[in-house]
Each structure stands twice: as C-alpha cells, then as structure tokens.
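[1] Below are the sequence and a predicted model for it; my questions follow.
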Amino acid sequence: MDTVMPATSSVTSPSDRDFDLVVIGASYAGVGVVAAAREAGFAGRIALVGDEADLPYQRPPLSKGFLLGKAGLASLPLKAESFYADAQVVFMAGRRAIALDREARRIRLDDGTELGFKTLALTTGARAAALRCPGAELDGVVSLRTLDEARGLSKRLAAASAVVIVGGGFIGLEVASAAVTLGKPVTVVEAGPRLIGHAVAPEISTFMQRLHETRGVIIQLATKVERIEGENGRVAAVICADGSRLPCDLVLAAVGAVPNTELATDAGLLVEDGIVVDDLCRSSDPAIFAAGDCTSHPNVFAGRRLRLSSVQNAHDQGRVAGNAIAGRLEPYKAVPWFWSDQYDVKLQMVGLASGSGPAILRGAMEEGRFSLFRYDGDRLTAIESINRPADHMMGRRLIAAGLSPTPEQAADSGFDLRSLA
C-alpha cells in the first residue's frame, strides 16, 4: 500500500521509553501541540503517536480534490518528514494507545510498548459515525474520515454504477459533488428537513440543494434509511422508511462524527461530549492536556461549552496546548471558521450563529455570490458566504474584535466593511 510517508523514528529500548511529553493523536491538533511547544522553548523529550501509517496529513482534500485526482499524496502532509527529525520528535506511526495509567504516568500501546510521560496531550480526534441499520455491514457500505478510507472510496467510485449517500452534511455533499463530476448517478438521503441544517441558514441550505440538483444529484429530504439490501454479501439497494427503493452498489455513510474519548473515559478524566478542558486546554488532570475534535471547551463566542469538529479549532487548540505545556499561557479565543468546496462553489462560515436572529443578505443570491450576516439582536455573530471570500475574511476580523455593522450597512454592498475595523 502506498503511503504519504512512513514513520521517521521509533522506540527501540526500555531506556528510550520515558518522555517529558507524549502526544497521542497525529493530526492537526497533535502536530500543533508539538510545533508550538518547540517554538515556545520546550526542550524535553517528545513522542508523537499516531494510529495511521502515514505522516500527519491534511484531511479536507480527502472528500474533495483527492477523489478527483487533483490532490496527490505528495501534497497532503502537514509537515515534511524532516520537521520531526529537526524538532527531535520521536514519531511512532501505526500505533494505537489502548490504556492510560494516570497514577503511574504511563500509557500502553497496542504493540505492548509502554511510554512514560511527565505531561500527556490527548489529540485523539474523532471517527466517522456508523450507519445503524440492517445491512450496514455489507460490502460496499463505507465511511470517509481517513486517508486509507479515501483510497478505498476512490477505487470504489471508479467502479460504481450508482451511489447513495446517507447524510446531507458537508462530507456527504462534498463526496456527492466529486461523484457527479466523475459521471456517477448520485442520490443523497437526508433525515432532516434540509441540507447542512445543523450549520447554515435555511437560505444557504436551499441554495446548496438547487446547486446539487442542477448537477443531477437526487436529494431526498426528511427521509430515513430503514435497511440496506444485499446480494451475495454486497450492497444492492437502500430501502427507505417511506418505502422507496434506491438501487446502488456503493453507499457512503456520512452521518456525523464521534469523538474518540474512550481512552480518557477509561482513565477517569472528565468527559462530557468530549474531553472537558479549560481555555488553556488542560483536562481535569493537571498533567494531561487535550485538543481538537475530541474536546469540549469553553467558547467565548458561543458563551457556553461546546465541541467543534474543524481544522481551525484543532490547529488553534493544539497550539494553545503546546504553548501552555512550554509555560506560555495564551488562552484559547480563536474565532471559529469553516469552509466547504463543492463544484465551483466555495462556502465559507465564520462565527457561531445563534439561530434566532435575522439573516441579512449582502450581494446577489441569483448570481451565486452573496453572504448572509447573522445577528443576535444588534450583535453580528456569524457570516455565511457563497463565493465572497472578502466578506469571510472581514468577518473574521470584525467578530474577533466584537465589531458589528448595522443591518443596513451589511445589506449595502457598497458599504466598505473595512471602515469598521
């Protein structure tokens, strides 16, 4: 099997197994911890443990350019192999942590290796949620979260005659975009009343639905999957609760993500929809930090504790944790932002919408270039943009500074938002 890059070093003897910092999880957050700690002057021994065979890599291209052959393996690594050697990081790939002894400050890996630590960082991320219905175990029912899964999906897409995607969120729609571009018939089955309903305003949902339908995707909203039928152990059709039968030979389960918190839970750390951390990414154990998709953190923009699954959050939390481990205490206060590429459309979101305030249109929806400015009272809380990157970038500045254009200013495309900053 081809890999982005193999591990750079390994533990070879018992004397090598004690570290000042062990990081469990080798993606955005884990790499952020390591990089920030070193940059802030942390001089101790570091081990970075990842359960995949590849160097830490970018995940967003997996559901976009990678499936279309536009993002090759060489473009995926977050850092070059030389980074880990230069930073004197023992990178252990293809190893999974299975037990944490907080009292002894040791962590056991699936190959029997035990690592001692003074400080531990859990950056274990999340995994794709499983499709729970009869037939979900059939060959041809797949998920997409890892590079190996993307490799497999790419091969299956090339051979597929019809694709059903269960879930109308970002991953489901991005894969739908790629599959249709590759000439495959695609049906998206969404249990909710609209697409991406958990993340965007109804106007954006409607725009994205029309976009996909004009490209040939069949969208079935408010529809639940009852079971998956098979023939000779392989997928043959998806049967919906309304009685509809969707013949297919490939099913993508895109029904959300589950934080990988089992290690923390078994060790007695406080876990509530994620490993509970403070604004410095410290867990309920002062020797253990956590960052990324696996955490629940106090968010100043939401005004409450929440778990975010995003590249931005994982990267920024990782750096907060790494800095804190090195003694540089800089609380997490980054503005949340997200993006999704589908066909030639770039959807960008910044902030966290309250859901109850007005959505002010800026730009022309019919031209496919517009933004919705979301308010809570007179306070700007979020901006959702379609092909208007300048609005998105200004939104990141305005929301971070607590500045709000009036609804009238937001609606006026001629008003220079830069004047407020």
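    Here it is on my side, so go on.
[2] Flag the shaky bits of the chain, pLDDT-wise.
    Residue ranges of the chain with pLDDT under 70: 1-15, 355.
[3] What ranges does it have for its helices?
    Along the chain, the segments classed as helices by DSSP state H run 28-39, 81-86, 147-159, 170-181, 202-214, 262-266, 311-325, 389-401, 407-411.
[4] Dump those helices to CSV, plus mean neighbour count and distance to A129.
    Yep, even glycine has a C-beta here, placed from its N, CA and C like the rest. Formatted as CSV, the helices of the chain follow (neighbours: other Cβ atoms under 10 Å; distance: least, Cβ to Cβ, whole Å):
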stretch, mean neighbour count, distance to A129
helix 28-39, 27, 20
helix 81-86, 15, 31
helix 147-159, 16, 13
helix 170-181, 24, 11
helix 202-214, 17, 21
helix 262-266, 17, 15
helix 311-325, 26, 18
helix 389-401, 18, 28
helix 407-411, 16, 36
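[5] List just the one of the ones you listed that sits closest to R45.
    helix 28-39 (11.4 Å; Cβ to Cβ).
[6] and the angle for the closest one with helix 311-325?
    Helix 28-39 runs at 30 degrees relative to helix 311-325, counting by axes from the mean of the first three to the mean of the last three Cα atoms, to 10 degrees.
[7] residues making contact with helix 28-39?
    The contact list for helix 28-39 (Cβ atoms under 8 Å, 6 or more residues apart in numbering) reads 21, 23-24, 46, 48, 50, 56, 59, 78-79, 83, 87, 89, 121, 123, 125, 289, 291-293, 311, 314-323, 325-326.
[8] domains of the protein?
    Annotated domains of the chain cover 14-127+258-325, 130-255, 344-420 [automatic domain parsing].
[9] re the thing from before, and K346, which of the helices of the chain is closest to it?
    Per Cβ to Cβ, nearest to K346 of these: helix 389-401, 6.9 Å.
[10] Only alpha carbons, please: show that closest one as PDB.
    Provided in PDB are the C-alpha atoms of helix 389-401 (Å, rounded to 0.1, in the frame of the first residue of the first chain):
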ATOM      1  CA  PRO A 389     -14.100  35.400   0.300                       C
ATOM      2  CA  ALA A 390     -13.600  39.100   1.200                       C
ATOM      3  CA  ASP A 391     -16.800  39.100   3.300                       C
ATOM      4  CA  HIS A 392     -15.500  36.000   5.100                       C
ATOM      5  CA  MET A 393     -12.100  37.500   5.800                       C
ATOM      6  CA  MET A 394     -13.600  40.700   7.100                       C
ATOM      7  CA  GLY A 395     -16.000  38.700   9.200                       C
ATOM      8  CA  ARG A 396     -13.100  37.000  10.900                       C
ATOM      9  CA  ARG A 397     -11.600  40.400  11.800                       C
ATOM     10  CA  LEU A 398     -14.900  42.000  12.900                       C
ATOM     11  CA  ILE A 399     -16.200  39.100  15.000                       C
ATOM     12  CA  ALA A 400     -12.800  38.700  16.700                       C
ATOM     13  CA  ALA A 401     -12.900  42.400  17.600                       C
END
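[11] can you pull the contacts of A401?
    A421.
[12] Then P407?
    Residues in contact with P407 (Cβ under 8 Å, 6+ apart) are P358, I360, F373, Y375, D378.
[13] Specify which member of those is nearest to V271.
    Taking the contacts of P407 together and measuring to V271 by Cβ to Cβ, the closest member is Y375, at 34.0 Å.
[14] residues near that closest one, how many?
    21 (other Cβ atoms under 10 Å).
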